[in-house]
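In: could you work out the structure for the sequence below:
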Amino acid sequence: MSATRAVEIRKEPIGWSIVLSVLMIVAGILAIALPAGAGIAVTLLVAWLLVFSGCFHLVFAWHTRSTGGLLWELLEGILYIVIGVYLLSHPLRGLASLTIVLAAYLFVEAILEFVMGSRRRPRPGSGWLFVDAVVTLILAALIWRTWPSSSAWVIGTLVGISMLFSGVSRLGVSLAARSIASQVA
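Out: Numbers count the residues shown, from 1 in each chain. Model (predicted):
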């Protein structure tokens, strides 16, 4: 295979990666601009994932019924399905629930970052763990103090920021790959 042929093969995935990157950037901007809609979309996605996971637990329970864990797998599967269906039927309440869970998660993460920073204190760079802990703790407190009104914007905004930065970083990698591919040709 010639070098030109190898570059042609690589250019198509790079082009698709650039398109995907731009779509991720646009989706991230839309999620930031419409955080409530993005939050509801995330809630519905989580709800469907819970329903599907619950169904998988039920199937697993049936196939492993002879090993003695049937009851627990059935209960776990039913719990997943019930929570998923509840989220599907009450997405705004589900969004509020996910928001408070996020605040609790960030609070626990901040504590763990403080602990890791304290344990690594004499090592260089350990101060960044404290910076991360402080920022995470501020986010947790901000969400907690403004809950439930923060439910309308927190999840959607954070998902939007994540999508935006993922799209930008993917675009940067894709453009660098395209530049390398064009130099080879």
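
In: pull the helix or strand with minimum mean pLDDT from this structure.
Out: Ranked by mean pLDDT, DSSP states H and E, the helix or strand of the chain with the weakest confidence is helix 3-33, at a mean of 78.

In: in it, what counts as buried?
Out: 7, 10, 14, 17-18, 21, 24-25, 27-28, 30-32 (16 or more other CB atoms under 10 Å). C-beta coordinates here come from the backbone N, C-alpha and C atoms, glycine included.

In: try stretch 34-42
Out: Leu34, Pro35, Ala38, Gly39, Ile40, Ala41, Val42.

In: so what's the residue nearest the centre of the chain up against?
Out: Taking CA atoms, centre = their mean, the centroid of the chain lies closest to Val159, which sits 6.8 Å from it. For Val159, the contacting residues are Ala31, Ala38, Gly39, Val42, by CB atoms under 8 Å, 6 or more residues apart in numbering.

In: identify the residue spatially nearest to Ala104, adjacent ones excluded.
Out: In this structure, Ala104 finds its nearest non-sequential neighbour in Ala140, 7.7 Å apart by CB to CB, 6 or more residues apart in numbering.

In: again with Ile18
Out: Distances taken as CB to CB, 6+ apart put Ser174 closest to Ile18, at 4.7 Å, once the chain neighbours are dropped.

In: number of nearby residues for the one you found?
Out: 20 (other CB atoms under 10 Å).

In: let me know the pLDDT of it.
Out: Listed pLDDT for Ser174 reads 81.

In: repeat for the one 3 residues further on
Out: Confidence at Ala177, expressed as pLDDT, is 77.

In: what helix or strand is it on?
Out: helix 154-184 (DSSP states H and E).

In: angle of that helix against helix 3-33?
Out: Here the directions of helix 154-184 and helix 3-33 differ by 160 degrees (axes from the mean of the first three to the mean of the last three CA atoms, to 10 degrees).
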